[in-house]
Structure formats: structure tokens, C-alpha cells
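J.: Can you look at this prediction? I've put the sequence above it.
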Amino acid sequence: MSHLSVNKICEDLSNGLENVPVSFEAISAIRTVPEFQYSPDNVQGPGCTFDPSEVTLPGCSCLSYSCLTESCSCLQTHGSAYDSTGTLLNLSSTNSGYFSPVFECNALCTCSDACSNRVVQRGLWLRLEVYCTKNMGWGVRTLDAIPSGTFVCEYAGEVISFEEARRRQLAQRTEENNYIIAVREHAGAGSITETFVDPAMVGNVGRFLNHSCQPNLFMQPVRVHSVVPRLALFAGRNIDAQEELMFDYSGGYINQPPAELLSTHSADAKQVSGTDELQRKKCHCGANNCVQFLPLDLSILN
């Protein structure tokens, strides 16, 4: 990617792959966006046995403009996650640290593309800007005001296996950023589904989101066409235009403990020495409840 002059705005970081341009602000002619392949969707990476783009979930036979619970097999099976405007319901569950699974209508469904049960799959509609923050490197801010419960963007990248995630993290140099997110979903009776997403080489605007110990976004796994979840980020509160968008890398929200959706909280890393100790990075989010270090998933390193 070519060097940009001071204060020059790149028209579209996504190269036309999103519904709206993702702008980029450079404050230095030397500091340019790192080389990566932009993809608005997850892609199959090393060790992943499922193609995230393959349609593997059943669809409904609704012929209405928008699906209704009393007649839609998708909503009857999985429940309704959104209201009629596409806003995520039951936001109070984010404060308890627990999240209900979300299933959207998919490519096999006969409902319209405007169905209220199709939200994340529609992609990015908010105007976002990647910019250089004061002390946290690259960050993302919104150019639009965002109401609470609104879908903002995905954290998309290569879906990889546990073994590949471990290999990549162990091979990482201390000065490099770790983008790998480990999502663990508990289905009861000891059943745990793990998803590892790495947007370092292939990813979307979500790869530039910074961590905060008091975030304004939260992550929700959403299944659309495939059993592989999309890591969707929603507004946890009303967000003002020009505000930086951040989420807790450990899965917590509003001073609550992690929901075991993401990596192990960084406080646990203090008990571990060796390679993982070298990979711990200081947190500069500035929140009153800041735990001083970025979350680190120790289970990948063991």
C-alpha cells in the first residue's frame, strides 16, 4: 500500500467491498496502514474444517416481507434476536455476562432481504474511519451517532484451528500485534464450541478496533448461513459521532466479568512466566477500571 501524505484521507480502505466506504486518516507520511487483504467476511484458514461461506443451516419458507414468529421456522427454532428495526433485543443480558445464541435467516430462506431477522449479513452501513490514536496506535471512530443495540461491524478474518492459533501466537514477536480472538460458547452438559479468528493477514475494519476495559461495543456470535459464527459487534449504549469504538478483548462488558466468549482475562497472566509473559502488553484505554494489561488467552499457549 502506497505512502500517504499528512492528513490525507483515503477514500475507501475496503476498496469497494463494503456498502459504505471505510475512510482512513493518516497523521504521518511514514505511518501507513499495515499490509493486509481486506475481506468483509470470514474466510477459511489453516486447520478450519468448515467453509464459513458454505450454507449449511436450514432455511424458512416465509413469503412475507419480514418473518413473524408464529409462522417462521427460523424464529420458532431459535427465537427472535432483533426488533422490527433490526436492533438487538435483551441488551440487559450483556450486563450479566451471558449471551443468548443468535441465528439469522439465511440464503435458503424465502423471506425478503429486508426481513428484520437479517441484520449482520447485510454488512456495514455506518460510516467508520480508521485513524491514528494518541497512545494506542490505530483505532476506529464512528462518523455517525449510533443508537444502543445497533449492529456496527464484524470482527472478520481467517477462521483457523486451535493448533494454528497456538502456532501463530508462539511464533509472534513481542513487538507485533496479536489479533487472534478465541470465542468459546457453552452449550450445556460440558459442550464447548471454540472459534478462532485471526484478521492479521485477511480481515476487515474490525481488526483496527482497540481494547477498552470500559467499552462501548460488545461482541455477539451470530450464525447466518454456516455453523461457523460471525463475530458481530453491537453498540452497548448510545454512541456519539466522532467517538472511538472499542470492545473488551476478554468478552466482558460494563464492569462485568468475561462471558467466556473470548480470551482469558489478562489478570491471570500474572501467574504465568515464560513465553506468554513476554507477550503481555500494557493497556492504555484510560478507563477507571483498567486492569493495566491487555487480555491474553493462556489456553492457546499451553
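T.: Received the coordinates, thanks.

J.: so what's E244 bridging to?
T.: Following DSSP bridges, E244 is listed with bridge partners R141.

J.: hmm, I was thinking of A235
T.: For A235, the beta-bridge partners are L217 (DSSP bridges).

J.: do you know how far it is from G86?
T.: From A235 across to G86, the span is 12 Å (C-beta to C-beta, to the nearest Å). All C-beta atoms are positioned from the backbone trio N, CA, C, and that covers glycine.

J.: any weak-confidence spans in the stretch 101-250 of the chain?
T.: Applying pLDDT under 70 to the stretch 101-250 of the chain flags the ranges 188.

J.: all helices of it, in order?
T.: Using DSSP state H, counting those that start in this stretch, the helices of the stretch 101-250 of the chain run over residues 162-171.

J.: That one: strands as residue ranges?
T.: 102-103, 128-132, 138-142, 151-154, 157-160, 181-186, 192-203, 210-211, 217-223, 230-235, 244-247 (DSSP state E, counting those that start in this stretch).

J.: in its sheet, what does the fifth one sit against?
T.: Right, the one you point to is strand 157-160. Applying DSSP bridges to the sheet, strand 157-160 is found paired with strand 43-44 (parallel), strand 192-203 (antiparallel).

J.: which of those is buried the deepest?
T.: Among the strands paired with strand 157-160, strand 192-203 has the highest mean neighbour count (mean count of other C-beta atoms under 10 Å), at a mean of 20.

J.: Next, the angle from it to strand 230-235.
T.: Counting by axes from the mean of the first three to the mean of the last three C-alpha atoms, to 10 degrees, strand 192-203 lies at 80 degrees to strand 230-235.

J.: just the angle between strand 192-203 and strand 181-186, please?
T.: Counting by the same axes, to 10 degrees, strand 192-203 lies at 160 degrees to strand 181-186.

J.: CA atoms only: put strand 192-203 into CSV for me.
T.: What follows is strand 192-203 as a C-alpha-only set of coordinates in CSV (Å, rounded to 0.1, in the frame of the first residue of the first chain):
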residue,chain,number,x,y,z
ILE,A,192,-18.0,-26.1,24.3
THR,A,193,-17.7,-24.8,20.8
GLU,A,194,-14.5,-22.9,20.0
THR,A,195,-13.9,-20.5,17.1
PHE,A,196,-10.6,-18.8,16.4
VAL,A,197,-10.5,-15.8,14.1
ASP,A,198,-7.3,-14.0,13.0
PRO,A,199,-7.6,-10.9,10.8
ALA,A,200,-3.9,-10.2,10.8
MET,A,201,-3.4,-11.1,7.1
VAL,A,202,-7.0,-11.2,5.9
GLY,A,203,-9.6,-9.1,7.7
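
J.: between that strand and helix 162-171, how many degrees?
T.: Inter-element angle recorded for strand 192-203 and helix 162-171: 50 degrees (by the same axes, to 10 degrees).

J.: hang on, G203 packs against E154?
T.: No. When contacts are counted by C-beta atoms under 8 Å, G203 is not listed as touching E154 (9.5 Å).

J.: Contacts only, for the closest residue to P58 other than its chain neighbours.
T.: Closest residue to P58 apart from its sequence neighbours, by C-beta to C-beta, 6 or more residues apart in numbering: L108 at 6.5 Å. Going by C-beta atoms under 8 Å, 6 or more residues apart in numbering, L108 touches 55, 57-59.

J.: Those residues into JSON lines, with extra columns for neighbour count?
T.: Output for these, formatted as JSON lines (neighbours: other C-beta atoms under 10 Å):
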{"residue": "V55", "neighbour count": "13"}
{"residue": "L57", "neighbour count": "20"}
{"residue": "P58", "neighbour count": "11"}
{"residue": "G59", "neighbour count": "16"}
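
J.: Quick one, which of the strands paired with strand 157-160 gets closest to R173.
T.: Of all these, it is strand 192-203 that lies closest to R173, at 12.4 Å by C-beta to C-beta.

J.: Give the residues shared as contacts by A235 and G86.
T.: Counting by C-beta under 8 Å, 6+ apart, the common neighbours of A235 and G86 are T150.

J.: For those two, indicate the residue with more neighbours.
T.: Taking other C-beta atoms under 10 Å, A235 and G86 do not tie; A235 has more neighbours (23 against 20).

J.: how near is the spatially most central residue of the chain to E54?
T.: Centrality entry for the chain: nearest residue to the mean C-alpha point is Y155, 2.9 Å, by C-alpha atoms, centre = their mean. Separation of Y155 from E54 (C-beta to C-beta): 20 Å.

J.: repeat for V202
T.: 17 Å.

J.: What of F247?
T.: 28 Å.

J.: What of Q37?
T.: Counting by C-beta to C-beta, the separation of Q37 from E54 is 20 Å.

J.: ok, now T87?
T.: In this view, T87 and E54 are 29 Å apart by C-beta to C-beta.
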